[in-house]
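Enquirer: Using only what follows, build the 3D model:
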Amino acid sequence: MTRLRRSLTLVARMLVCMAVVAGGAGCRTVVDPMAISDAQTAARVKTALVNDPDLGPRTIEVRVALGVAQLSGQVASQAEVDRAVMIARGVPGVVNVQAALQIGAQSPRSEEPSDQFDASGVELSEPQDNPGLLAVGASVGWSAPRAAELGHRVSVGPLFKLGSGQGLGLAVGLGWVQAKLRSLGDHPDALTHVQIKPIMLGAGYTVGTERTSLSASLVGGYAWNSLTVTETGAAEGLPVEVDNSLVWRPSVSLWHNLSRRTALNVFVGHVITRLRLTVLENGQLEKRSTRGDTTIVSAGVAYRLF
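Expert: This next block holds a predicted model:
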């Protein structure tokens, strides 16, 4: 209201100055008080329309002549036309209202994003600016450890996605690894299975489109490791226990939205950890260390929970 009063005062001063200049030039000009009153009334009507929660987003032009308010522009419905007329009539100084409003403007609610379908009939995912995206699923992976005593293994593990935005963000990693661990002694056929189950946090950077995104991340954390001995039993040089360990993992992950709720993931990562093993050697248990570094390639599907 303060800004409006200043504007009205400035307009009045300009009109007075124009009259003074014209008079000084030898012209006899008379300032019309009614014109000033109409300008003030038009400003009040415009302010009332802009402040209305339903009509505020509309572009409605207001002119006042001899107290008659003329409204022009676009609205969404006849109800909005009636409301604009009612508001204008309630403004002091308005003696009548003439509405030339066109119906056809979209409702603000219809401008909000909504679920759509592409040309192939596949439902598109929700906008990518939703930071609360949480999706879980499962993936099938192939692990290739660097250490000779660790064998390749195909395994199934959890799949987890937090967030869907672009740029730099939080990265969460599970990256469970399973491998066949051969005897470190004279019984190469003796096997045990090692499971490395880390929980990792870090940072990632994501680029892409609404349907497909590519993320590079670096995460680190703590792994809960375990061994499962085969039917061969406790042979010489065969690990019987493994300690937990610290884990790092750089990775690249490709996500493609299959629908509004499901997404396909292809993942390539490299787990870096050092395994501390308890080995049966000469009838005694001894501690040994081996590199548990493992390259993982996996593919899976995740379902969005919320």
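
Enquirer: helices and strands around the one helix or strand Asp82 maps to, which ones?
Expert: Using DSSP states H and E, Asp82 sits in helix 78-89. When contacts are defined as 3 or more C-beta pairs under 8 Å, 6 or more residues apart in numbering; DSSP states H and E, helix 78-89 packs onto helix 33-51, strand 68-75, strand 96-103. For the C-beta atoms, the positions are set from N, CA and C on the backbone; glycine is no exception.

Enquirer: Ranking these by mean neighbour count, which comes first?
Expert: strand 68-75 (a mean of 19; mean count of other C-beta atoms under 10 Å).

Enquirer: just the CA coordinates of stretch 291-306, formatted as PDB?
Expert: Extracted C-alpha coordinates of stretch 291-306, given in PDB (Å, rounded to 0.1, in the frame of the first residue of the first chain):
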ATOM      1  CA  ARG A 291      44.000 -58.500  -0.800                       C
ATOM      2  CA  GLY A 292      40.300 -58.600  -1.200                       C
ATOM      3  CA  ASP A 293      40.200 -56.100  -4.100                       C
ATOM      4  CA  THR A 294      37.400 -57.100  -6.400                       C
ATOM      5  CA  THR A 295      35.900 -55.700  -9.700                       C
ATOM      6  CA  ILE A 296      32.100 -56.000  -9.800                       C
ATOM      7  CA  VAL A 297      29.800 -55.900 -12.800                       C
ATOM      8  CA  SER A 298      26.100 -56.200 -12.100                       C
ATOM      9  CA  ALA A 299      22.600 -55.500 -13.500                       C
ATOM     10  CA  GLY A 300      19.400 -55.200 -11.600                       C
ATOM     11  CA  VAL A 301      16.000 -53.600 -11.100                       C
ATOM     12  CA  ALA A 302      14.900 -51.200  -8.300                       C
ATOM     13  CA  TYR A 303      11.400 -50.200  -7.200                       C
ATOM     14  CA  ARG A 304      10.600 -46.800  -5.900                       C
ATOM     15  CA  LEU A 305       9.100 -46.800  -2.500                       C
ATOM     16  CA  PHE A 306       8.400 -43.100  -2.100                       C
END
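
Enquirer: What residues of that stretch count as buried?
Expert: Neighbour-count burial for stretch 291-306, counted by 16 or more other C-beta atoms under 10 Å, picks out 292-294, 296, 298, 300, 302, 304.

Enquirer: So for that stretch, mean pLDDT?
Expert: Mean pLDDT, computed over stretch 291-306, is 86.

Enquirer: chain center to it: distance?
Expert: 21 Å (C-alpha atoms, centre = their mean, to the nearest Å).

Enquirer: Let me see the ranges of the helices in the stretch 151-300 of the chain.
Expert: With helices called from DSSP state H, counting those that start in this stretch, the stretch 151-300 of the chain shows none.

Enquirer: so where's it shaky on pLDDT?
Expert: Filtered on pLDDT under 70, the stretch 151-300 of the chain yields the residue ranges 151, 163-165, 182-191, 230-237.

Enquirer: just the strands in it please.
Expert: Along the stretch 151-300 of the chain, counting by DSSP state E, counting those that start in this stretch, strands occupy 153-162, 167-173, 177-182, 191-208, 212-229, 239-242, 245-257, 262-271, 274-281, 284-291, 294-304.

Enquirer: Please identify the most buried of those strands.
Expert: Comparing the strands of the stretch 151-300 of the chain by mean count of other C-beta under 10 Å gives strand 177-182 as most buried, with a mean of 22.

Enquirer: thinking again about what came up before, switch the strands of the stretch 151-300 of the chain over to JSON lines; also include distance to Asn96.
Expert: Formatted as JSON lines, the strands of the stretch 151-300 of the chain follow (distance: least, C-beta to C-beta, whole Å):
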{"stretch": "strand 153-162", "distance to Asn96": "61"}
{"stretch": "strand 167-173", "distance to Asn96": "56"}
{"stretch": "strand 177-182", "distance to Asn96": "81"}
{"stretch": "strand 191-208", "distance to Asn96": "58"}
{"stretch": "strand 212-229", "distance to Asn96": "59"}
{"stretch": "strand 239-242", "distance to Asn96": "89"}
{"stretch": "strand 245-257", "distance to Asn96": "56"}
{"stretch": "strand 262-271", "distance to Asn96": "60"}
{"stretch": "strand 274-281", "distance to Asn96": "87"}
{"stretch": "strand 284-291", "distance to Asn96": "89"}
{"stretch": "strand 294-304", "distance to Asn96": "57"}
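
Enquirer: quick one on the thing from earlier: and of the helices and strands packed on helix 78-89, who's closest to Val156?
Expert: In terms of C-beta to C-beta, the element of the helices and strands packed on helix 78-89 nearest to Val156 is strand 68-75, at 57.9 Å.
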